[in-house]
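Trainee: pasted the sequence and its predicted model underneath.
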Amino acid sequence: MTVGVLALQGSFNEHLAALKKIGVKGLQIRKPEQLEHVNALIIPGGESTTMAKLAEYHNLFPALRNFIKTGKPVWGTCAGLIFLADKAVGQKLGGQELVGGLDCTVHRNFFGSQIQSFEADLLVPELAATEGGPATFRGVFIRAPAILETGPDVQVLADYAVPPGKSVTLGSDVESQAEKTGREEKVIVAVKQGNLLATAFHPELTTDTRWHSFFLKMAGGDQSFCCGSSSNGDDDGDQRQARPDLPVFQ
Ligand SMILES: NC(=O)CC[C@H](N)C(=O)O
């Protein structure tokens, strides 16, 4: 079992460290042909416009779409979720290319700017039922997106209360439903649709590896599939020293 991690930009090293921690081989993906060597793919968080420009430059979009079509599991975290969405709002002028496949509308910076980043405990019943452990997961939200609408085949795995002053009404910044009705509104922050998994937050920045092991199960693997340490995926095959585990939030 080898899990590819798109390594153009963003938190790919942190995902590789999380995979290593659970004994799974990770491979950095920068070129279309490298996708042929992996059983599953993680698209990390970062900055989706920049990542899209780099993906376009490396001609990765057709290969990424084909990879999804083969039915192999793909997990997008944060900017990776934006990549996987069929539709994104709140994009920079001119928009950006999306890989698509996930039947949802995502708001690119729903929770605000970098300084509005936050952490919160999320209720994760399906994750806890599959992976055990606590009923909550510490969500690290960094200039995070949120899912505003989903199609019928999308399973919601976690949601989160809309912060005051924000609206989930598409294209509207006026009074939110919550303000009108007094009822708490929620946005979706983790979903699964067939072979696609997406989270608006960053599990790779925590010590809790349950989302990684959940994703591995989607790929038909578990920790017994262990096959050594992460590879840097460089073409020259150079065997650099394994990176030490990166610091993560405790
Ligand atoms: N932490 C993240 O991946 C942030 C994603 C960011 N909102 C974007 O548009 O790319």
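Mentor: The structure has been received and is ready for your questions. Residues are numbered from 1 along each chain as shown.
Trainee: now do the most centrally placed residue in the chain against Leu6, distance only.
Mentor: In the chain, the C-alpha nearest the mean C-alpha coordinate belongs to Thr77, at 1.4 Å (Cα atoms, centre = their mean). Relative to Leu6, Thr77 is positioned 11 Å away (Cβ to Cβ, to the nearest Å). Where you see a C-beta, it was placed from the backbone N, CA and C, and this is true even at glycine.
Trainee: joint contacts of the two?
Mentor: 42-44 (Cβ atoms under 8 Å, 6 or more residues apart in numbering).
Trainee: who wins for neighbours among those?
Mentor: Neighbour counts for the shared contacts of Thr77 and Leu6 (other Cβ atoms under 10 Å) peak at Ile43, which has 30 neighbours.
Trainee: what's across from it in the sheet?
Mentor: Gly76 (DSSP bridges).
Trainee: so what's it up against?
Mentor: Contacts for Ile43 (Cβ under 8 Å, 6+ apart) come out as 6, 64, 74-77, 79-80, 83-84, 99.
Trainee: at 10 Å what do you get?
Mentor: 4-6, 8, 10, 12, 15, 29, 51, 55, 64, 74-84, 99, 198 (Cβ atoms under 10 Å, 6 or more residues apart in numbering).
Trainee: in strands only, show me those.
Mentor: By the criterion of DSSP state E, membership of those in strands covers 4-6, 29, 74-77, 198.
Trainee: export the residues you listed as CSV, with columns for pLDDT.
Mentor: CSV is the format used below for the ones in strands among the contacts of Ile43 (pLDDT from 0 to 100):
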residue, pLDDT
Gly4, 98
Val5, 98
Leu6, 98
Ile29, 98
Val74, 98
Trp75, 98
Gly76, 98
Thr77, 98
Ala198, 98
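Trainee: quick one: which of those is nearest the ligand?
Mentor: Using Cβ to the nearest ligand atom, Thr77 is the member of these that lies nearest the ligand, at 7.1 Å.
Trainee: wait, doesn't that closest one sit right on Leu205?
Mentor: Yes. Between Thr77 and Leu205 there is a contact at 9.4 Å, judged by Cβ atoms under 10 Å.
Trainee: who touches both of those two?
Mentor: With Cβ under 10 Å, 6+ apart, Thr77 and Leu205 have common neighbours 11, 14-15, 45, 140.
Trainee: which of those count as buried?
Mentor: If you count burial by 16 or more other Cβ atoms under 10 Å, the buried members of those come out as 11, 14-15, 45, 140.
Trainee: okay, those residues in JSON lines with pLDDT and distance to the ligand next?
Mentor: Below are these laid out as JSON lines (pLDDT from 0 to 100; distance: Cβ to the nearest ligand atom, whole Å):
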{"residue": "Ser11", "pLDDT": "97", "distance to the ligand": "8"}
{"residue": "Glu14", "pLDDT": "97", "distance to the ligand": "11"}
{"residue": "His15", "pLDDT": "97", "distance to the ligand": "12"}
{"residue": "Gly45", "pLDDT": "97", "distance to the ligand": "3"}
{"residue": "Val140", "pLDDT": "97", "distance to the ligand": "9"}
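Trainee: show me which pair in these is furthest apart.
Mentor: Within these, two members stand farthest from each other by Cβ to Cβ: His15 and Val140, at 13.2 Å.
Trainee: report the set of residues contacting both of these two.
Mentor: By Cβ under 10 Å, 6+ apart, His15 and Val140 have these common neighbours: 45, 77, 202-205.
Trainee: return the member of those residues nearest to His212.
Mentor: Pro203 (6.8 Å).
Trainee: touching, Ala129 and Leu123? I think so.
Mentor: No. Here Ala129 lies out of contact with Leu123, judged by Cβ under 10 Å, at a distance of 11.9 Å.
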